[in-house]
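S.K.: next come a sequence and a model predicted from it.
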Amino acid sequence: QVQLVESGGGLVQAGGSLRLSCAASDRTFSIYAMGWFRQAPGKEREFVAAISRSGTSTYYLDPVKGRFTISKDNAKNTVYLQMNSLKPEDTAVYYCAASKNGLGPSGLYVYWGQGTQVTVSS
């Protein structure tokens, strides 16, 4: 069982930046591809970004391309989501997840964090 704990959310003005972190409890962290998802009020959860086990491949939702960057530090068992040029429509609870197989929105995500709130004011 891998426990994931997100941090770094908060309130920011439009155009600002935040960096989310997701720390894993297990040293087998490096065997998982990792993803970030988000869920806005009244909407379904959607895929945001993913990174391969080695960190060499990434995958992004089109609206965040060029603004968000996902990275992974296997030595620290942590995955990050750097979010720049934030927009009010980025407001959501952000979740990290670990995939046993596959990269991107169709990956087999088996472990989930509890989420961190990101609020972007206009």
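M.R.: Received, thanks. Numbers count the residues shown, from 1 in each chain.

S.K.: could you give the separation of the strand ranked longest in the chain from the chain centroid?
M.R.: Longest strand of the chain, by residue count under DSSP state E: strand 92-101. Computed by CA atoms, centre = their mean, to the nearest Å, the chain-centroid distance of strand 92-101 equals 6 Å.

S.K.: how about stretch 73-84?
M.R.: 9 Å.

S.K.: do the same with stretch 97-113
M.R.: Distance, centroid of stretch 97-113 to centroid of chain: 11 Å (CA atoms, centre = their mean).

S.K.: buried sites along it?
M.R.: Ala97, Ala98, Ser99, Leu103, Gly104, Gly107, Tyr109, Tyr111, Trp112, Gly113 (16 or more other CB atoms under 10 Å). C-beta here means a position set from N, CA and C on the backbone, and glycine is covered the same way.

S.K.: now the end-to-end length of that stretch.
M.R.: For stretch 97-113, the first-to-last residue distance is 6 Å (CA to CA, to the nearest Å).

S.K.: which of the buried residues of stretch 97-113 sits closest to Met83?
M.R.: Gly113 (16.1 Å; CB to CB).

S.K.: mind listing what the closest one touches?
M.R.: Taking CB atoms under 8 Å, 6 or more residues apart in numbering, we find Gly113 in contact with Leu4, Val5, Glu6, Cys22, Tyr95, Cys96, Ala97.

S.K.: beta partners for the residue most central in space within the chain?
M.R.: Closest to where the C-alpha atoms of the chain average out (CA atoms, centre = their mean) is Trp36, at 2.5 Å. Note on Trp36: beta-bridge partners by DSSP bridges are Ala49, Cys96.

S.K.: pull the number of nearby residues for Arg53.
M.R.: If you count neighbours by other CB atoms under 10 Å, Arg53 ends up with 16.

S.K.: please report how far it lies from Gly104.
M.R.: As for Arg53, its distance to Gly104 is 13 Å (criterion: CB to CB, to the nearest Å).

S.K.: please apply the same query to Arg45.
M.R.: Per CB to CB, Arg45 is found 15 Å from Gly104.
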